[in-house]
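*Asks:* The sequence and its predicted three-dimensional model are supplied below.
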Amino acid sequence: MRTFFIPLIILGLFTAPLTKAQTKVTGLVTDLKGHPLHGVGISLLGTYDGTISDSTGQFAFVTFEKGDKVVEAKIMGYTIKQEKVLLGTSLNAIINLHFELREEVSELKAVSVTAGSFAAGDKKRAATVLSTLDMYTTGGANADVTASIKTLPGAQQVGEQEGLFVRGGEGYETKQYIDGMVVNNPYYASSPGIAARGRFAPSLFKGNVFSTGGYSAIYGQALSSVLLLESVDLPEKSEVSASITSVFLGAGTQQLTKNKKASYGFNYGYTNLTPYFAILSQKPDYFIVPQFHTADVNFRVKTKRGGMIKYYSTFGANQLGIRNVDIDSLNLKDAFQLKNINWYNNITWRENFGKGWKLNAGFSFAINNDKIHQQLQDANNNSVVIGMPILDAKSFQLNNQQSYTQFRAVFEKKLTGLNVIRMGTDYWYNHQNLRYNNYTSIINNHYNAYFAEADVHVTNGLAAKIGGRAEYASLIQSWNIAPRLALALKTGKHAQMSAAYGIFFQTPENNYFIEYSEKLPQLNYMKATHYLVNYIKTTNLQTFRIEAYYKQYQQLVKTIPDTSTNGYGFAKGIELFWRDKKTFKNFDYWISYSYLNTERNYLNYPQTLQPGYTTPHTFNLVTKKFITSLKTGFNFTYTFATGRPYYNIQSVNTPPKYVLADEGKTPAYHNLGFSLNYLPNLGKPNAKTYVVWVVSVTNLLNNTQTFSYNYSANGMNKVAIHPPIKQFFFIGCFLSWGVDRSQDAINNNL
């Protein structure tokens, strides 16, 4: 009998669970658009029961649990979803669930707003990269930040004056910032008709954003464009450097503390063009050869909360004297002499306060003093007085002293995901004391701004930047409100579209107030409204970008019949950019093309005209090739631009009426630049000195470049504006001890 019951007992052990109430849990997992999600983990919390969704998003599992439980759906990249269920209410119960999972917004996947911006740096992803090394190795740019930026779409090829002329805007309509602080004199002082290079070396910066339009609400006072430069935090290690070139001598050091939480450094440079001019004669007569002294110091320290304090100061002094034939006479000369002193200071504080709060604050102070002495001279270079006002007025002395102070604070609060809100204030004080012969003019302007902006990421494929800015300028005693909006939509793998709209204001330049120092003219803010849309597809090795824009100008400065802000205009165009490091082995190149249609009725224009600094078509081809076996990099840059318009605008009758006495177009602009970088110690593991030899040539084909024309007062004499020399040759040796940057030069082309 016992043996008879043993099988029954065993059978009862296996069939006992079947007498319990079991529940079948089924369902579907989709994203918010209804697309099924595969591989989602479905689990009954607190148990071992669960399953994984199939390729159609379906799932099913059986549980013998009873009571209130929670079913969870979980997969990486999406938010976790939970549903409460009541189990064990009856035999063979079925519960059907539908989980809709929201995709998590992550920095790696999220779309970013790119309309109007070209960005580079470790925090910039979906934009065109123009790195520090690119600036050093762009053929013919001679390591000038502005010259490198001009190879990107939107920038015009203006060679007779410094500045970035962007999408129909004048050079002063583009502002440059270092760590969020404006730089009012980013270029060395220059002589008439000759552009000066920028004051700052590319090595100072770790990232940059060139915004050709529609830029963020946290920046203002730039009608067309901003160039945002972000300085390096701490150096990799301590180093000492020296430079010996055909025109420049320099030395400096960057020292990193042992705990790697602070650094300090300084540099000094001296430029003298006397040896260069002795070999290659210049068209103008330099009776004082250009000389430059530059020095800078910096200090950087990490804070306990992971923030950073940076201090940067640079001092520059330069002088030159240049003599040209006077355009209004047959045998007289104009002798122009310049002495400039510039001192710029910038201290910034970046801090994390916890709970998502950050602060970016800064203070800057700068002085700039131009002393100009011009004489009308005879054939023997002696000062003369002719007795004709139109000629004698060319002899004058000008002392222009300017000081700039800025304070800025931006508070940032991180919300859920990548959503961020920023708010802050900006204050500038500009003081100008100008003495022209015996006349003195003093101008003061207090500028206040308040701004707020939000980054809103709805999904990884949809984002918006919404902001606004309120500004007040004491010089014109007026407020303005400037709204900004930008959207970005992911359209495919590595591809997206962006659109932007914004209103931008800028206070007229101080020179329009000088003759009215006692009674200011009734001027208003200059105004530009930007509309732009772009498409960009980018991978690690290739970038394609196309952008269209329209700008409406209002309240531009008009100087006839009286000084006012009754000018107006427009600019519209389309731009293309392609960069490719993939197609050809060890070869990097980019192509940019800009089409611009723009007209203005401003200054002394008698009618609506295309501005003389613009051209409809601009094309750039930049190539870079490093040959490891030769230890040499070869870099070429070719730029083409169609001819620019020029005008002879003269006044006739009384009261004055302005007419076009002559007009035309310059020849097309061609420029082939070349640079070579040779690294003799490449591959030597025990090298203590790292050497880079650089050879650079501008206008390799020796083309005649005509920027515009000057006219005599009576319009009878017409003189072309050319560079002082057709070609510029540069050779230099750059030495460093402590940091080997050879691999950077190689990897740039791989």
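*Replies:* Structure's in. What do you need?

*Asks:* how close does the residue positioned nearest the centre of the chain get to G139?
*Replies:* Geometric centre of the chain, nearest residue: F210, 2.3 Å, by CA atoms, centre = their mean. Noted for F210: a distance of 19 Å to G139, by CB to CB, to the nearest Å. The way it works is simple: take the backbone N, C-alpha and C, and place the C-beta from them, glycine included.

*Asks:* likewise I149?
*Replies:* 15 Å.

*Asks:* same question, N460
*Replies:* 39 Å.

*Asks:* which of the two has more neighbours?
*Replies:* The neighbour count for N460 versus G139, taken as other CB atoms under 10 Å, is higher for G139 (24 against 19).

*Asks:* quick one: the more buried one and G633 touch, right?
*Replies:* No. Between G139 and G633 there is no contact under CB atoms under 8 Å: 10.0 Å.

*Asks:* avg pLDDT for whichever helix or strand the residue nearest to the centre of the chain is part of?
*Replies:* Using DSSP states H and E, F210 falls within strand 205-211. Across strand 205-211, pLDDT averages out at 85.

*Asks:* who touches A499 in this structure?
*Replies:* A115, A486, L487, L532, V533, N534 (CB atoms under 8 Å, 6 or more residues apart in numbering).

*Asks:* May I ask which helix or strand encompasses it?
*Replies:* Using DSSP H and E, A499 falls in strand 495-506.

*Asks:* which strands and helices sit next to the following helix or strand past that strand?
*Replies:* Counting by DSSP H and E, the element after strand 495-506 in chain order, helix or strand, is strand 526-538. If you count contacts as 3 or more CB pairs under 8 Å, 6 or more residues apart in numbering; DSSP states H and E, strand 526-538 packs onto strand 478-492, strand 495-506, strand 542-558.

*Asks:* Dump those to JSON lines, plus mean pLDDT and distance to I627.
*Replies:* Listed next are these as JSON lines, based on pLDDT from 0 to 100; distance: least, CB to CB, whole Å:
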{"stretch": "strand 478-492", "mean pLDDT": "93", "distance to I627": "36"}
{"stretch": "strand 495-506", "mean pLDDT": "94", "distance to I627": "34"}
{"stretch": "strand 542-558", "mean pLDDT": "95", "distance to I627": "22"}
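
*Asks:* Deepest in the core, which of those strands is it.
*Replies:* Among those, ranked by average contacts under mean count of other CB atoms under 10 Å, first place goes to strand 495-506 (a mean of 22).

*Asks:* Now do the strand holding A499 and strand 542-558, the angle between them.
*Replies:* 20 degrees (axes from the mean of the first three to the mean of the last three CA atoms, to 10 degrees).

*Asks:* Okay, now the sheet partners of strand 495-506, with direction.
*Replies:* strand 478-492 (antiparallel), strand 526-538 (antiparallel) (DSSP bridges).

*Asks:* Grab the CA positions of the shortest one and hand them over as PDB.
*Replies:* Extracted C-alpha coordinates of strand 526-538, given in PDB (Å, rounded to 0.1, in the frame of the first residue of the first chain):
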ATOM      1  CA  MET A 526      20.300 100.400 -36.100                       C
ATOM      2  CA  LYS A 527      18.100  97.300 -36.600                       C
ATOM      3  CA  ALA A 528      18.300  94.000 -38.500                       C
ATOM      4  CA  THR A 529      15.800  91.200 -38.700                       C
ATOM      5  CA  HIS A 530      17.200  87.800 -39.500                       C
ATOM      6  CA  TYR A 531      15.400  84.800 -41.100                       C
ATOM      7  CA  LEU A 532      17.400  81.700 -41.800                       C
ATOM      8  CA  VAL A 533      17.000  78.000 -42.400                       C
ATOM      9  CA  ASN A 534      19.600  75.300 -42.900                       C
ATOM     10  CA  TYR A 535      20.200  71.600 -43.500                       C
ATOM     11  CA  ILE A 536      23.300  69.800 -42.200                       C
ATOM     12  CA  LYS A 537      24.500  66.300 -42.400                       C
ATOM     13  CA  THR A 538      27.600  65.500 -40.400                       C
END
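
*Asks:* Contacts for stretch 434-442, please.
*Replies:* 396-401, 431-433, 443, 514-515, 517.

*Asks:* what's the helix or strand for L28?
*Replies:* Judged by DSSP H and E, L28 forms part of strand 23-31.

*Asks:* and if you look at I94?
*Replies:* strand 93-101.

*Asks:* Which strand residues bridge the residue nearest to the centre of the chain?
*Replies:* F118, L227.

*Asks:* isn't it right next to L152, touching?
*Replies:* Yes. Contact criterion CB under 8 Å: F210 and L152 qualify, at 6.0 Å.
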